[in-house]
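*Asks:* would you be able to build a 3D model of this:
(2 chains)
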Protein chains: 2
Amino acid sequence: MRIETLARQAGVTIAWRPFLLGPIFKKQGWDTSPFNLHPAKGRHMWRDIARQCERYGLPLCIPTPFPQHSLLATRIACCGQEQSWVSEFTRSVYSAEFGQGLDISDEGLLANLLLDAGAPAKRVLEVARTAETKSDLRNTVSEAEKHGIFGAPSFILPNGELFWGNDRLEQALEAARRLATS
Amino acid sequence: MRIETLARQAGVTIAWRPFLLGPIFKKQGWDTSPFNLHPAKGRHMWRDIARQCERYGLPLCIPTPFPQHSLLATRIACCGQEQSWVSEFTRSVYSAEFGQGLDISDEGLLANLLLDAGAPAKRVLEVARTAETKSDLRNTVSEAEKHGIFGAPSFILPNGELFWGNDRLEQALEAARRLATS
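*Replies:* Numbers count the residues shown, from 1 in each chain, chains lettered A, B, ... in the order given. Here you go, the predicted structure:
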């Protein structure tokens, strides 16, 4: 919700790399979100998210079940990662899941979100299902792992420096700015 | 390092409740810190801590081994939790472990930190080893678990609301302030 505005203010360019956490969790032996695996931590995280949403003026509707099936949405974002619509589409998928509690595996919903973001929905949905996109996304997940990513959102600087989480967005942008001007 | 100054500015009173994370981790089947159990996350956490220390102007020396044995230090803090020296002693134990990489299970070191904090070191060390202190600390750990605590530092408001981590200190104090004036 915040990255594009803050990045513009900082003069930093964002290269979106949509990826899946599921395969990264699976390699650690986790079959679901750590929010579910560690109930005390999960309870605090949802409460913390509610407080953060209140501070940012964002609606929150905890999705059931959580996590949702995000494979198709991520494949769509993956094949649109160089397109201007990727940021609006990504925001709208998160708003649908966490602001409205909608089922983001629903192809009709995703088609509407694509159209709202100005994307050629029918064509994009076809490309999202090709073997090439599936392979691209697998490669992006491997790249994420190589960068040491273990959660989302994560921010990687051109020098490989990793910042994890909304709480570190400002610091990541500051560091990116310093790197660009050094 | 920050709580006393910020709490004073916010007009909020701190009641220290020193506890151990080890027994809480153990109930989740963890025999060490999550920093060690999840290497990718651990690598980022140490890097993040280094960046935070730089921002706060604090020295950092990653202790080896990590975690250190904190049982005696925590028992000392537990029997001093209502004493004025508890905050300075606590800060100095963290500085010794994370700023200087010292062994905080060393009784001689802890005695010196107590004296520096204005505590009657010899008497406190005696009390720290009594059955009563051991039992008090076990009770504090049980209380922490009942509050849903899973990490440190954690901040609990009088209404039970939990905030976890240095990143949430300001929000915890704001909420405590609102609660006190509502």
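
*Asks:* in chain A, which helix is the longest?
*Replies:* helix A:39-56 (DSSP state H).

*Asks:* only the C-alpha atoms, please, for it, written as CSV.
*Replies:* What follows is helix A:39-56, C-alpha atoms only, in CSV (Å, rounded to 0.1, in the frame of the first residue of the first chain):
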residue,chain,number,x,y,z
PRO,A,39,-0.6,-19.8,18.0
ALA,A,40,0.7,-17.2,20.6
LYS,A,41,2.8,-15.5,18.0
GLY,A,42,-0.1,-15.7,15.5
ARG,A,43,-2.5,-14.1,17.9
HIS,A,44,-0.2,-11.2,18.4
MET,A,45,0.5,-10.9,14.7
TRP,A,46,-3.2,-10.5,13.8
ARG,A,47,-3.7,-8.1,16.7
ASP,A,48,-0.6,-6.1,15.5
ILE,A,49,-1.9,-6.1,11.9
ALA,A,50,-5.2,-4.8,13.2
ARG,A,51,-3.5,-2.0,15.0
GLN,A,52,-1.3,-1.2,12.0
CYS,A,53,-4.3,-1.1,9.7
GLU,A,54,-6.0,1.3,12.1
ARG,A,55,-3.0,3.5,12.0
TYR,A,56,-2.8,3.5,8.2
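
*Asks:* that one packs against which elements?
*Replies:* Counting by 3 or more Cβ pairs under 8 Å, 6 or more residues apart in numbering or on different chains; DSSP states H and E, the packing neighbours recorded for helix A:39-56 are helix A:34-37, strand B:162-164. For glycine as for every other residue, the C-beta is placed from the backbone atoms N, C-alpha and C.

*Asks:* switch the cut-off to 10 Å
*Replies:* Here helix A:39-56 touches helix A:34-37, strand B:162-164, helix B:169-181, going by 3 or more Cβ pairs under 10 Å, 6 or more residues apart in numbering or on different chains; DSSP states H and E.

*Asks:* what does chain A put close to chain B?
*Replies:* Residues of chain A lying near chain B by Cβ under 10 Å from any Cβ of the partner chain: A:24, A:27-28, A:30, A:34, A:37-45, A:47-48, A:51-52, A:55, A:145, A:147-151, A:154, A:161-165, A:167-168, A:171, A:174-175.

*Asks:* if any of these are buried, put those into a ChimeraX selection.
*Replies:* Entered in ChimeraX, the line below selects the buried ones among these, by 16 or more other Cβ atoms under 10 Å in any protein chain shown:
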select /A:24,34,38,40,41,42,44,45,48,51,147,148,149,150,154,162,163,164,168,175
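
*Asks:* tell me which residues are up against the lowest-mean-pLDDT helix or strand in chain A.
*Replies:* Among the helices and strands of chain A, helix A:34-37 carries the lowest confidence by mean pLDDT, DSSP states H and E, at a mean of 86. Applying Cβ atoms under 10 Å, 6 or more residues apart in numbering or on different chains, the contact partners of helix A:34-37 are A:21, A:25, A:28-31, A:41-46, A:49, A:62, A:65-67, A:150-151, B:28, B:34, B:38, B:41.
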